[in-house]
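**Student:** sequence and computational prediction follow.
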Amino acid sequence: MILSKYFQQFFHNSKSSGIVLIVCVLISLLVANSSLSLSFQNLLDSKFGFESLHLDYSVSVWINDGLMAIFFLLVGLEIKRELLEGELSDIKKGSLPIFAAVGGMLIPALIYFSFNHNTHYKNGWAIPMATDIAFSLAIISLLGKSVPNSLKIFLSALAIVDDLGAILVIALFYTDQIDWLSLGICAGITMLLIILNKSGVHKLILYLIPGLFLWYFMHHSGIHATIAGVILAFTIPTNISETEISPLEKLEGKLHIPVSFLIMPLFALANTNITFQKEIFEGFINPLSLGIIGGLFLGKVLGINLFSMIAIKLKWAALPTFSGLREMIGVGFLAGIGFTMSIFVSLLAFPNEIEIQNIAKISILVASVLSGIVGYFILKSKKKPLKN
């Protein structure tokens, strides 16, 4: 199977940025457990911005609410392109990653809920639903030709559908009190963006400027500001031409490097600075950690393969080329690498509860490392390189 140039770029950036992310996680953990810990936390808590515009926030808030909106803009662009012209454009062709992603979200959430439905941690049910695109593709890329291209495309499509599910969950379930006036202004800006699209306007700046206002009013509406990035993405014009580069493809190309090598590493640095205190480990084995680890490490592979088998048995989908049960199990484990999205959801689920956030982050790291190692060695066990 021949990879499109856009997927090749996406895959190449994901492979490299996954390595950068690992380095940033290690640096963040080292700093958090060194004499620089307090200084680093003070830096993250320091505020800057425009108080007159009600935009005076800490560094960590700017990263999580501001820069991550750009991350979600890129994710939204990738989802739109895949829906219109990629792996998800044909229902039959793209159905397996959709079924797999649904199973990979539902089963982990149910496992988490079974541990936590009667506890203070019940609001974190969506934490183990997520798959980290960068980390999962970085690991599968290390396997080279022992893994077919069709399986790499399947994993990327699954992760994209997974991200779409996470976006919907954030919008529907992790929204506080709504400011209806601000939300109404967001609706008006969205209509303007749609009119620009339908009118054939192709200048990106005419979308990006209203997009900034959309982010501002979305942030003040009570709905998480990162959703503005997805809404903006779905209004950017595209086409199915092989020769003409669309505004969507132009913007996607420009965002890949800053998102992969600046925004995601900054997110990792700011959100994995966990100080390993004795109290955390004394209370580590609890419903929260069991739900997250069980959901990511076991729930992902069970959900993905169960729903995939059902879809294949009903002839609604087919296995990726050159792939069998072993490959599907290996990919299922790699999808259990939650990291970026899982940590992001944990911050929304337990705002201002630092100790719970730290336990959740450690659990996500443990589950992601276990999932990555097991998935890698299952797929590595193939003796002969595969032809693609």
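**Tutor:** That came through, no problem. Numbering: from 1, shown residues only.
**Student:** contacts, neighbours, all on C-alpha from now
**Tutor:** OK.
**Student:** so I223, which of the three states?
**Tutor:** Assigned with DSSP: H, G, I helix; E, B strand; the rest coil, I223 falls in the coil class.
**Student:** what's the pLDDT at it?
**Tutor:** I223 carries a pLDDT value of 78.
**Student:** burial measure for it, as a count.
**Tutor:** For I223, the count of nearby residues is 23 (other Cα atoms under 10 Å).
**Student:** one more: the one 3 residues further on?
**Tutor:** Neighbour count for T226, taken as other Cα under 10 Å: 24.
**Student:** any idea how far it lies from L348?
**Tutor:** T226 sits 12 Å away from L348, going by Cα to Cα, to the nearest Å.
**Student:** what comes into contact with the strand or helix carrying L206?
**Tutor:** L206 is part of helix 205-221, with elements assigned from DSSP states H and E. Helix 205-221 has contacts (Cα atoms under 8 Å, 6 or more residues apart in numbering) with 69, 178-183, 185-186, 189-190, 193, 196, 224-229, 232, 236.
**Student:** then stretch 63-71?
**Tutor:** 215, 224-230, 259, 263-264, 266-267, 270, 344.
**Student:** filter those residues down to the ones in helices?
**Tutor:** Residues from the contacts of stretch 63-71 lying in helices, with DSSP state H as the criterion: 215, 227-230, 264, 266-267, 270, 344.
**Student:** which one of these is nearest G291?
**Tutor:** Nearest to G291 among the ones in helices among the contacts of stretch 63-71: F344, at 16.6 Å, using Cα to Cα.
**Student:** spatially nearest residue to that closest one (excluding sequence neighbours)?
**Tutor:** Using Cα to Cα, 6 or more residues apart in numbering and skipping the chain neighbours, the partner closest in space to F344 is N64 (7.8 Å).
**Student:** count the residues that sit near the one you found.
**Tutor:** N64 has 20 neighbouring residues, counting by other Cα under 10 Å.
**Student:** which pLDDT value does the model give it?
**Tutor:** For N64, the model assigns a pLDDT of 81.
**Student:** swap in A159?
**Tutor:** pLDDT for A159: 82.
**Student:** re the thing from before, whichever of the contacts of helix 205-221 end up buried, select them in PyMOL.
**Tutor:** This is how PyMOL selects the buried members of the contacts of helix 205-221, with burial counted by 16 or more other Cα atoms under 10 Å:
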select buried, resi 69+182+183+185+186+189+190+193+196+224+225+226+227+228+229+232+236
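**Student:** strands - which of the contacts of helix 205-221 land there?
**Tutor:** The members of the contacts of helix 205-221 all map outside strands under DSSP state E.
**Student:** would you map the strands across the stretch 51-200 of the chain?
**Tutor:** Here the stretch 51-200 of the chain has its strands, by DSSP state E, counting those that start in this stretch, at 55-58.
**Student:** tell me where it has helices.
**Tutor:** Assigned by DSSP state H, counting those that start in this stretch, the stretch 51-200 of the chain shows helices spanning 59-61, 68-85, 91-116, 133-141, 149-173, 180-198.
**Student:** any weak-confidence spans in this structure?
**Tutor:** 1-16, 18, 86-93, 176, 240-242, 278-284, 382-388 (pLDDT under 70).
**Student:** name the residue closest to the centre of it, please.
**Tutor:** M341 (4.2 Å; Cα atoms, centre = their mean).
**Student:** need the three-state assignment for it.
**Tutor:** Applying three-state DSSP: M341 is helix.
**Student:** any idea how far it lies from K80?
**Tutor:** Between M341 and K80 the distance is 19 Å, computed by Cα to Cα.
**Student:** tell me the contacts of the closest residue to S260 other than its chain neighbours?
**Tutor:** Sequence neighbours aside, S17 is the residue nearest to S260 in space, at 5.3 Å (criterion: Cα to Cα, 6+ apart). Applying Cα under 8 Å, 6+ apart to S17 gives the contacts 134-135, 138, 260-261.
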